[in-house]
Structure formats: C-alpha cells, structure tokens
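1. make a model of this:
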Amino acid sequence: MKIKPCRAVAMALMFFPALVFAQGGKTYKHASEYQVAILDQNLRVATGSDVTLGKSTTDAKLGAGGQGIHLLHTDAGDYRVEAPINKGLSILSAMGSNAYNPPVTYHNKWFMDKVQPGTKVLFAAECAKPNKKHPNEAVRCTFYFPDPDSSNHEYATIGDFTPYAAGDGSNMQKTANTLCGTGKLRPDVEAQLCGGTQASIPAPEPAPEPAPAFTPIPAPAPVPQQQ
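-> Modelled structure (predicted):
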C-alpha cells in the first residue's frame, strides 16, 4: 500500500508531539523521596574482605581497587553508602571462582568519588525497619542518587543507616563537673572543657603572723620639774 507524501507528513506531525512529551516527561524515579545530606568523607577500603553488614549477592571478596565508601550526615543519623557494584564483572568472577580462586566484587567509579567533603548531596533511601530492642543499631538500605549528567538516570546502590541515640550522650559535661578546677587537666584542655576560663585551685589564705614572745613595756613619760 502506498502512502501519499502529504499523509505521511501529517502522521509524522501527529506522533512527534507525543514523542517529545514522552521524552520530556521522564525524570528521576525517586524524586519525591529525595532528601539532603552533607558528605562527611570519601573512603577507599582495601581490606580483602567484604565490609558490608551483610553478605554480598556473590559472597565475594573485594577487588584490588578496594571498595568505595561515602559517609553522609543528616539530622536523623548517618548513612554509609557503598559505591555501585559492577554486576556483570562480579557475577562472572563468582561463576569462575573456586576454593583456590575466590570471587571478587568489582565496584564502579561514579560521581561521588569526586565530591568534596562538606558538600550537600541529594539521595533517596529505602531502609529496613530498626530493631525494637536495639533501635540505634545500623540497618541495611538501598540508595538512589540522581545522576548529575542526566535528567532521568539514577544510581542504585546499597549501604546502611545508623540513627542517632536520644540525648547528647557526650562525656564532656560530667567530666567537666569532675575535673574543672582541680589542676589535673592540661591548660589548653581545661580552657576548652571549662567554658573558656581556666579555673584554678583557690590559693590558701595567708597564715596569721606569729605573736611576739613578749610585749615591750613603753617607756614612762618624763615628769615635769617645779620651778
């Protein structure tokens, strides 16, 4: 069947807006779940064993390049994010492994490797429910990071979340109450611990001067002579 040129042009114009809308409407899948965190530190752990809380899908050891770890801080607690895993290479390594050739988990390089500590980052986290008896223990999480080089791609990776315990929990105040003013601390530590003032042990009061062994008798006043 032949299609006339004018009809073909009309059909193309009809489908073009729908195609543009479909491309422009696609965006980050977890955008409604994003939260803000501050990157504390980027680490590269080369321990020779998996440092995750649970076993990896391949139960594998780390590759020679080590495992990328990114520590994120929020008001609710701290997140430990692992660099995304190269599933293809890791699965191939697991398939070809044996007792003498253990499998290797390969971690990909990604944009977080170049983010400077102190920078704010966006991410979404789906974490397991905390243990009721131990609510402050770390729980496993799946993370989604928007790709800065794309308007719809997200990086998916794993890690864990450690919520903050209620209260300060610091050892500063009780130690200050015990040691400030005793002279047992270094001057610089005491200046920080004791509110910026270096408390000192009060000096003892001066002892009273000893009383003289005898009290001198004043000389008698001269008697006036009569004329």
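
2. show me what stretch 169-179 is in contact with.
-> 185, 190, 193-194 (CB atoms under 8 Å, 6 or more residues apart in numbering). From N, CA and C alone the C-beta is placed, and that goes for glycine too.

3. average pLDDT across it?
-> The pLDDT scores in stretch 169-179 average 84.

4. residue boundaries of the helices in the protein?
-> Ranges of helices in the chain, per DSSP state H, are 5-25, 87-95, 172-179, 187-193.

5. what does the average pLDDT come to for stretch 36-55?
-> Averaged across stretch 36-55, the pLDDT comes to 68.

6. about what we covered before: farthest-separated two in the contacts of stretch 169-179?
-> Within these, two members stand farthest from each other by CB to CB: L185 and C194, at 8.0 Å.

7. so these two - more neighbours on which side?
-> Neighbour totals were compared for L185 and C194, and L185 leads with 19 against 16 (other CB atoms under 10 Å).

8. wait, what's in contact with the more buried one?
-> Applying CB under 8 Å, 6+ apart, the residues near L185 are 179, 193.

9. quick check, D149 in contact with F111.
-> Yes. With contacts counted by CB atoms under 8 Å, D149 reaches F111, the gap being 7.4 Å.

10. so what's in contact with those two at the same time?
-> What both D149 and F111 touch, as defined by CB under 8 Å, 6+ apart, is an empty set.

11. these two: which is more packed in?
-> A count of neighbours by other CB under 10 Å puts F111 above the other of D149 and F111, at 13 against 7.

12. excluding chain neighbours, what is closest to that one?
-> Among residues not flanking F111 along the chain, P148 sits closest, at 5.6 Å (CB to CB, 6 or more residues apart in numbering).

13. now for the chain, the helix or strand with the poorest mean pLDDT.
-> strand 61-62 (a mean of 45; mean pLDDT, DSSP states H and E).

14. circling back to that earlier point, please convert the contacts of stretch 169-179 to CSV, extending it with distance to Y28 and pLDDT.
-> Listed next are those as CSV, based on distance: CB to CB, whole Å; pLDDT from 0 to 100:
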residue, distance to Y28, pLDDT
L185, 52, 90
E190, 52, 88
L193, 47, 86
C194, 50, 88
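
15. identify the bridge partners of the nearest residue in space to V36 that is not next to it in sequence.
-> Nearest in space to V36, with sequence neighbours left out and distances taken as CB to CB, 6+ apart, is K120 at 5.5 Å. K120 has the following beta-bridge partners by DSSP bridges: I38.

16. let me see the confidence value for K120.
-> K120 carries a pLDDT score of 96 in this model.

17. again, but for A124
-> Model confidence at A124 (pLDDT) stands at 96.

18. so it touches Q35, yeah?
-> Yes. Counting by CB under 8 Å, A124 touches Q35, with 7.0 Å between them.

19. low-scoring stretches of this structure, by residue?
-> 1-25, 46-66, 86-94, 96-97, 99, 101-106, 167-168, 196-227 (pLDDT under 70).

20. domain ranges for it, per the record?
-> 31-163, 169-200 (automatic domain parsing).

21. hmm, H70 and L39 touching each other?
-> Yes. Counting by CB under 8 Å, L39 does reach H70; the two are 6.5 Å apart.

22. have a look at those two and say which one is more surrounded.
-> Taking other CB under 10 Å, L39 and H70 do not tie; H70 has more neighbours (26 against 18).
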